[in-house]
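**Student:** no sequence on this one, just coordinates:
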Ligand code: ZN
């Protein structure tokens with residue numbers, strides 16, 4: 001893989017597709033994970049799902065300590081939320097949904113299982129921002145965006161704003 005991967009943005013259909021389970025952890029997958037980490041920190045963001053770089057594989061990368069400076073990169077291959085409890089509301093944004101943020105109701109604590117890059121079982125227990133991040137990224141693998149969790153009215157307003165932005169961009173070109 002050469003150069004930096006590109007972040008796909010709404011309404012790109014790849015963000016609506018369900019990613020497929022990873023069967024083999026090969027060089028191509030390791031390069032994908034590497035590239036995703038690079039894209040995430042450059043953006044900058046605290047989590048990224050493979051759909052967002054146009055690859056329909058069940059892979060997420062995230063920072064294990066998203067509130068702190070510095071990098072603590074983690075990956076989960078074929079992640080599954082096996083436990084989710086308590087409620088939390090968080091102002092969310094997404095690298096694939098430019099210029100928008102909105103409050104989303106999530107679970108406050110989650111346990112997520114999957115595989116690490118060596119193929120070993122890995123379990124992440126998270127609360128607060130990391131719990132929100134993991135739910136957001138697993139959503140991506142199922143073709144779901146955070147704007148699907150907000151009211152239809154707010155979503156419509158965002159779509160109008162986006163259409164206006166895209167039109168202005170097209171007029172400029
Ligand atoms: Zn996102």
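**Tutor:** It's in. Since we're looking at a predicted model, the values are computed, not measured.

**Student:** Show residues contacting stretch 62-75.
**Tutor:** Taking contacts as C-beta atoms under 8 Å, 6 or more residues apart in numbering, the residues outside stretch 62-75 that touch it are 33, 36-37, 40-41, 46-48, 59-61, 76, 116-117, 122, 124, 128-130, 133-134, 137. (Each C-beta comes from the backbone N, C-alpha and C, glycine too.)

**Student:** Going through those residues, which ones are buried?
**Tutor:** For the contacts of stretch 62-75, a neighbour count by 16 or more other C-beta atoms under 10 Å gives the buried set as 33, 36-37, 40, 46-48, 59-61, 76, 117, 122, 124, 129-130, 133-134, 137.

**Student:** among the contacts of stretch 62-75, which are in strands?
**Tutor:** Among these, the members falling in strands are 47, 48, 59, 60, 61, 76, 122, 124 (criterion: DSSP state E).

**Student:** Remind me what the helix or strand harbouring residue 31 packs against, helices and strands.
**Tutor:** With the criterion set as DSSP states H and E, the secondary-structure element containing residue 31 is helix 27-42. When contacts are defined as 3 or more C-beta pairs under 8 Å, 6 or more residues apart in numbering; DSSP states H and E, helix 27-42 packs onto strand 47-49, strand 59-63, strand 73-94.

**Student:** Within the sheet, what are the partner strands of the longest one, with directions?
**Tutor:** Strand 73-94 has the following strand partners under DSSP bridges: strand 59-63 (antiparallel), strand 97-115 (antiparallel).

**Student:** Please apply the same query to the shortest one.
**Tutor:** With DSSP bridges as the criterion, the sheet partners recorded for strand 47-49 are strand 59-63 (antiparallel).

**Student:** Just checking the distance from the strand it pairs with to the centre of its chain.
**Tutor:** Strand 59-63 has its C-alpha centroid displaced from the chain centroid by 8 Å (C-alpha atoms, centre = their mean, to the nearest Å).

**Student:** by how many degrees do it and helix 27-42 diverge?
**Tutor:** Orientation check (axes from the mean of the first three to the mean of the last three C-alpha atoms, to 10 degrees): strand 59-63 against helix 27-42 gives 40 degrees.

**Student:** What's the mean pLDDT across strand 59-63?
**Tutor:** Predicted confidence along strand 59-63 averages 98 (mean pLDDT).

**Student:** Now distance to residue 5 too, for the helices and strands packed on helix 27-42, in TSV please.
**Tutor:** Written out in TSV, the entries for the helices and strands packed on helix 27-42 read as follows (distance: least, C-beta to C-beta, whole Å):
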stretch	distance to residue 5
strand 47-49	10
strand 59-63	12
strand 73-94	15
